[in-house]
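Chemist: Any chance you can model this:
(one chain, ligands or ions: 2)
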Amino acid sequence: MATPRKGRLAGALAALCALAAGEFLAAVGGISSPVVAVGDLVIDLTPGPVIRRTIALLGTAQKPLLLTGIVTTVAILGWVVGRQPNSHLAITSFLAAGALGGLATARTGAYFGGPLVGLTTAAVGIFALRRGIRTLEPGVGDASEDPRITTATRRGFLGYAAGMTAAAGSLAAGSRLLVDRRDDELRSLVTLPARRRSVPTGRKRPSLTTTTEGPFRNPDGLTQWITPNDRFYRIDTALSIPRVDPKSWTLAIDGLVDRPLLFTLDDLLSMELVDAAITLSCVSNEIGGPLVGNAVWTGVPLSELLETAGIGTTAEQVMSRSVDGFTAGFPLRVLDDDRTALVAVGMNGEPLPFRHGFPARLVVAGIYGYVSAVKWLENISLTTMAEDGYWIPRGWAKEAPIKIASRIDVPLRSQLPAGRHAVAGVAWAPVTGVAAVELQVDDGPWLECRLRQEEAPGQEGDSWVQWFTDWEAEPGRRILRVRAYDLEGRVQSEGPKSIAPDGAEGWHTRRVLIV
Ligand SMILES: Nc1nc2c(c(=O)[nH]1)N[C@H]1C(S)=C(S)[C@@H](COP(=O)(O)O)O[C@H]1N2
Ligand SMILES: [Mo]
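Modeler: Ligands and ions are numbered 1, 2, ... in the order given. Coordinates of the predicted model:
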């Protein structure tokens, strides 16, 4: 064949267009994306140790990379079979890819829609490839004979290629739109009641004090005290975010309780809801890292639900499970100090976003997310300590209080002119609360910084503080170091210690060149 390269390009385009058509059909039918379903299948077939290593290596980039890998594989498959578009190999390959996508999608519960989408995808691919090859046909084998034919062929092919690219692009964009629309509809079924209590336990800690006087400037780049929902970090094992229907959702409370209970979302919404600002952090947050945020959560106090169910005498652990099978547990005695612990249905005044656990999740002040903050919550079970949550057999500590931490956010740039500059950031020590934050320049004395929290419902110690100080920067290479103290007099550990198995330790350090 005279145009193997174009044949291959036609193959790759046909495969991508078929893929986009499959995504679109799945979105119209309201079933799982075939690409994501195949990703889930890959994860389920991958041995645990390999998964652990790729998470360690790739972190949060792991999911986008997997999905990109699947799309690329499909394009390469099209490229390979495009060389011999009419062969059995080409048709079989498209059918096999469609069948794989169809079966993977069926596994998510779309027993009829999945295979239908898979087969349609294969058919679109085969048809698009044939169509593409036909635009090449006049030139095949006799390209040198009539230059007018080759020009017409080239135009025909370019038109085909442009058309396929546009079709794939608009189908993909259309699927996105459809999925977003359906999400908005689901979430709009939920309205948070306007009347809410502001303090979970009826007590508020004494106001934080600081020994340094003077106004708190709000320098550019300082982290907002409340993290907006769309900027809140996201960590979970879910490749596709569960879309839970709030109308049929229930929360079971069972295990070592006197009376197992089942709540609908309306049950929870008609209870007296509580607002509380709580800082949530991931155990995988490196020193100075971004996996931490502060939000006002709205929900029902966990202790009220447990008391209604009646805590059994042998109960030792609160073990929660999500609709996608993730589990997390913490010792029941963690709740003994009356700390804020909510079955949260709202985040910063809105129903929970899908990424953050719609319609309900657990938020417990002062312990890392992986032992407590189960999103897309469906079950809370009281157990003995013998049971382990998802991350425990994977090498993470069974008990995981959030460590005292502080972070330098300002200055943003690492080169500055000499003179006065703001140095600022955030610090947290839940549930005790931050007493002081100190900054050190080079090997100089530790300077006490000003602290600030916003007016917000909840217990003050549960939330981070913003800290700020002015700095007269002198020319040269400067090193800034920060550390925090909690209200019980403990100082942030100097470390350095890495995140596994129970959270990083160390003083965040920034190098700044003053010119
Ligand atoms: N269902 C489910 N809930 C989960 C997780 C998960 O993987 N699945 N990860 C936990 C971890 S490790 C953290 S740090 C927090 C993060 O919550 P966020 O994504 O809302 O910030 O969710 C927790 N809840
Ligand atoms: Mo986490």
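Chemist: Compute the mean per-residue pLDDT across the strand or helix carrying residue 424, please.
Modeler: Residue 424 is located in strand 419-428, with elements delineated by DSSP states H and E. Model confidence over strand 419-428, given as mean pLDDT, is 96.
Chemist: What is the subsequent helix or strand relative to that strand?
Modeler: Toward the C-terminal end, the helix or strand that comes next after strand 419-428 (DSSP H and E) is strand 434-441.
Chemist: Paired strands for that next one, with orientation please.
Modeler: Strands adjacent to strand 434-441 in the sheet, as given by DSSP bridges, are strand 446-448 (antiparallel), strand 476-486 (antiparallel).
Chemist: Return the set of buried residues in the longest one.
Modeler: In other words, strand 476-486. Burial within strand 476-486, assessed by neighbour count using 16 or more other CB atoms under 10 Å, is assigned to 478, 480, 481, 482, 483, 484, 485, 486. Where C-beta positions appear, they are placed from N, C-alpha and C, glycine not excepted.
Chemist: In those, find the pair that's most separated.
Modeler: Taking every pair in the buried residues of strand 476-486 and measuring CB to CB, the maximum separation is 27.5 Å, between 478 and 486.
Chemist: Would you mind pulling up the elements that the helix or strand hosting residue 155 packs against?
Modeler: In the assignment (DSSP H and E), residue 155 maps to helix 147-187. Secondary-structure packing of helix 147-187 (3 or more CB pairs under 8 Å, 6 or more residues apart in numbering; DSSP states H and E): helix 4-29, helix 113-136.
Chemist: closest to residue 358 out of these?
Modeler: For those, distance to residue 358 was read as CB to CB. The smallest value, 18.8 Å, belongs to helix 4-29.
Chemist: Whatever helix or strand comes next after that closest one and ligand 1 in contact?
Modeler: Tracing the chain past helix 4-29, the next element assigned as helix or strand by DSSP H and E is helix 34-45. No. Using CB under 6 Å from any ligand atom, helix 34-45 never reaches ligand 1; the gap is at least 12.4 Å.
Chemist: What of stretch 233-249?
Modeler: Yes. Part of stretch 233-249 sits close enough to ligand 1 to count as contact by CB under 6 Å from any ligand atom, namely 233, 234, 235, 236, 237, 238.
Chemist: does any part of that stretch sit near ligand 2?
Modeler: Yes. Applying CB under 5 Å from the ion, one finds stretch 233-249 in contact with ligand 2 at residue 235.
Chemist: Between the two ends of that stretch, how far is it?
Modeler: Terminal residues of stretch 233-249 lie 25 Å apart, using CA to CA, to the nearest Å.
Chemist: Quick one: classify the residue nearest the centre of the chain as helix, strand or coil.
Modeler: The structure's the chain has its C-alpha centroid closest to residue 234; by CA atoms, centre = their mean the separation is 2.7 Å. Secondary structure assignment for residue 234 (DSSP: H, G, I helix; E, B strand; the rest coil): coil.
Chemist: these two touch, right, it and residue 356?
Modeler: Yes. Counting by CB atoms under 8 Å, residue 356 is a contact partner of residue 234 at 7.1 Å.
Chemist: wait, what's in contact with the residue nearest to residue 296 when sequence neighbours are not counted?
Modeler: By the measure of CB to CB, 6 or more residues apart in numbering, the closest residue to residue 296 outside its immediate chain neighbours is residue 277, 4.8 Å from it. Applying CB atoms under 8 Å, 6 or more residues apart in numbering, we find residue 277 in contact with 226, 294, 295, 296, 297, 456, 457, 458, 462, 463.
Chemist: now those: which count as buried?
Modeler: Among the contacts of residue 277, the ones that count as buried by 16+ other CB under 10 Å are 226, 294, 295, 296, 297, 456, 457, 458, 462, 463.
Chemist: Out of these, the closest to ligand 1 would be?
Modeler: Here the nearest of the buried ones among the contacts of residue 277 to ligand 1, counting by CB to the nearest ligand atom, is residue 295; it sits at 8.7 Å.
Chemist: In this structure residue 295 contacts residue 225, no?
Modeler: No. Counting by CB under 8 Å, residue 295 does not reach residue 225; the two are 10.3 Å apart.
Chemist: What segments of the stretch 201-350 of the chain are strands?
Modeler: Using DSSP state E, counting those that start in this stretch, the strands assigned to the stretch 201-350 of the chain run over residues 250-255, 261-264, 274-281, 292-301, 317-322, 327-331, 341-347, 350-351.
Chemist: between those, which gets nearest to residue 186?
Modeler: For the strands of the stretch 201-350 of the chain, distance to residue 186 was read as CB to CB. The smallest value, 9.5 Å, belongs to strand 350-351.
Chemist: Partner strands of the closest one, with direction?
Modeler: Here the strand partners of strand 350-351, with direction, are listed using DSSP bridges: strand 341-347 (antiparallel).
Chemist: Many thanks, we can stop here.
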